[in-house]
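sequence-free structure coming up:
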């Protein structure tokens, strides 16, 4: 939630600031740039957009596997470890040759992953320390190489610094072609070896027993991951590419339980984040692409986190809240039934005072509950809201709750041999959740018994259907007469 | 093209300690102070398996710093500390919020949190480039090279932070030790592990933010982890590990300076590279658990009878 606000505030400030800095970037510029972006006339825009979407797809797909394998930070380490490879690939022939950089970076990434494994196997250091160590050491080597390159006469204009924070606008036709090839390769590999990836991700032991080469598949995944990181570098930057692996996949993970659906969603979210990042960074002259892509992905994640239909925080809170309200209503109905029962179903409705005495609550609280019940059509209010009459639905609900309660108490004493004075608490909880099926089974087991362990009559099915006590006035016309 | 300059002994080894002592001395001192403070705190991160929380905090102090600059409009250290502390605490809380309130695991929660905060920081810096006295390069690899030009203030400040770290570790040695190794025992001794945890996080934020200027957001992770990782390969006793990590800090900052002078590259980067080299040496040559020692032991064991092979493999595995 907080994060979402931050994003919102940030987006608002972006607008304000750009407006305020006259001469640097005016309001009209943003509109003009936006128009330029959406007309897709400019080839640079097309390349940036297509490239960003492609990298979103490949990162989302491969990120899904590392998220479910709980290796999210391996992606982080890998993405920092490619930097020396990028620099060496650049030094190969002093240009931004995509293929040389791809090869160098992939090798460096794999070397980093291998060193992490080796440190874990041969020292006492745990995975987190090994990851952090490799990440920062490789990155430092990369930084040294980058500063050496920048010192060279040709290096300064080389644009190697674009690899650090990313600049989608710097993508060219060659880059986009390479990205398309790698993305297609990743999709094909996942398509063909889906079963293998799936099995090693969720149950490595079973996969080994079933004869899958788990180690080989692990390294194949690392290789694909390195490819995805490398093609994403130029647009997102070394520092933030791990977020493009983790965040869209984590958002998809919140929305579904099926791996295939998660892959689709992660690819979609990655694509959206990529496109949004390319758009926002295009609005200003010096805005880096990576951070905007990451924030777009984070916004998607925040939405899934808050409003996901099954695991969303808000949705879950609302579900809990409405369950609590329902239980409250049912308890009030039960109390009304108790009041009626206490006077043997004589008398005209239940007054708020009686209910308040029964529930040991103030008139205000009882009043609020009565209004809530009326809102749900369970009671009708008379005499300025001071007297409640159960409606047919209200009566049925009250009866069945009391019936659930007493049947369960009976079941605990008769079938589970629990003392009669210990069963009330348990029945208080379970009466609200007993399903139709369970109640039928209880009835079958307890057939012929009409009173609960405390000697009170259990409302029968006929009572529920026809009504025994007072319901709506006038009783004769609705058929809910006195017993 | 002259990629690697020739190794001139006088220029690389002698000059920094004689004619150029005025600048390189300060740089080495600064590097040593940063690496000492980070390394000491980092030891506890490694013990508590929280190395990557250090990673997260080192990234996410950036928006705290940027907002601090924007609010106060100065590079005043107090505002910086407050902003960074707040950012550090927000990071810890957000990580916990995400992984407790949803089914996202902690590693992914760390990744999402720090990358988002870092992205916010980078955007703020690039939007307010004229107002914020920080640039993207500084974020990545720090400005330790400009220390001699900035007068004594940054060094004094860093020295204070390092001294504070040492004092806190000496004062609360028992609490940190017990809660790092055995949370249950700590609880039974009446040590509040949560308070220790959050205090350590606060100290970490302070150290990271004061190191930030010199070594940037990412190299700081190396400063946190490398000294502790290296010395934990060499000893098993915490006091000795702490001493060794100070030694590692001193060696890596000195050697790193020489490397940077030789190759004419980023000084902070070179210091970390030398720290990593020291780690590599310890990894290979450590008397107790080094790779060579292992290989040797494995060979001697293999020449013996079968049951010994089994036990040695268990030992290695």
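It's in. Model, not experiment: these values are computed from the prediction.

what's the residue closest to the geometric middle of chain A?
residue A:254 (2.9 Å; C-alpha atoms, centre = their mean).

show me what the host helix or strand of that one is packed against.
Using DSSP states H and E, residue A:254 sits within helix A:241-255. Using 3 or more C-beta pairs under 8 Å, 6 or more residues apart in numbering or on different chains; DSSP states H and E, the elements in contact with helix A:241-255 are helix A:43-68, helix A:72-81, helix A:214-236, helix A:259-283, helix A:289-307, helix B:106-127. Placement of C-beta: from N, CA and C, glycine included.

quick check: phi and psi on residue A:380?
When read as degrees, to the nearest 10, the backbone of residue A:380 gives phi -120, psi 150.

and what of residue A:237?
phi 100, psi 150.

I'd assumed residue A:168 was in contact with it.
No - using C-beta atoms under 8 Å as the test, residue A:237 is too far from residue A:168 to be in contact (10.1 Å).

list residues touching both of the two?
residue A:289 (C-beta atoms under 8 Å, 6 or more residues apart in numbering or on different chains).

more neighbours, those two?
residue A:168 (31 against 28; other C-beta atoms under 10 Å in any protein chain shown).

show me what contacts residue A:101?
A:85, A:86, A:89, A:90, A:230, A:233.

is the helix or strand encompassing the fourth one anywhere near chain B?
Taking DSSP H and E as the criterion, residue A:90 maps to helix A:83-93. Yes - when contact is scored as C-beta under 8 Å from any C-beta of the partner chain, part of helix A:83-93 falls within range of chain B: residue A:91.

relative to residue A:422, which of the helices and strands packed on helix A:241-255 is closest?
With respect to residue A:422, and counting by C-beta to C-beta, the nearest of the helices and strands packed on helix A:241-255 is helix B:106-127 at 41.0 Å.

now the closest one: mean pLDDT?
Helix B:106-127 shows a mean pLDDT of 88.

cool, stretch A:449-464 as well?
77.

what's that stretch in contact with?
A:341, A:395-396, A:399-400, A:402-403, A:405-407, A:409-410, A:413-414, A:420, A:423, A:468.

try it again with 10 Å
A:337-338, A:341, A:395-414, A:418-424, A:427, A:439, A:443, A:446, A:466, A:468-469, A:483 (C-beta atoms under 10 Å, 6 or more residues apart in numbering or on different chains).

mind listing what's buried along that stretch?
Applying a neighbour-count criterion of 16 or more other C-beta atoms under 10 Å in any protein chain shown, one finds A:452, A:453, A:458, A:459, A:463, A:464 buried in stretch A:449-464.

related to what we said a few turns ago, select only the buried ones of the contacts of stretch A:449-464 in PyMOL?
Buried subset of the contacts of stretch A:449-464, written as a PyMOL selection, criterion 16+ other C-beta under 10 Å:
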select buried, chain A and resi 337+338+395+396+397+398+399+400+401+402+403+404+405+406+407+408+409+410+411+412+413+423+427+439+446+468+469
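
of the contacts of stretch A:449-464, which belong to helices?
Using DSSP state H, the subset of these located in helices is A:337-338, A:341, A:395-414, A:424, A:427, A:439, A:443, A:466.

tell me the secondary structure at residue A:416.
Of the three states, residue A:416 takes coil under DSSP: H, G, I helix; E, B strand; the rest coil.

burial count for it?
Around residue A:416 there are 9 residues (other C-beta under 10 Å).
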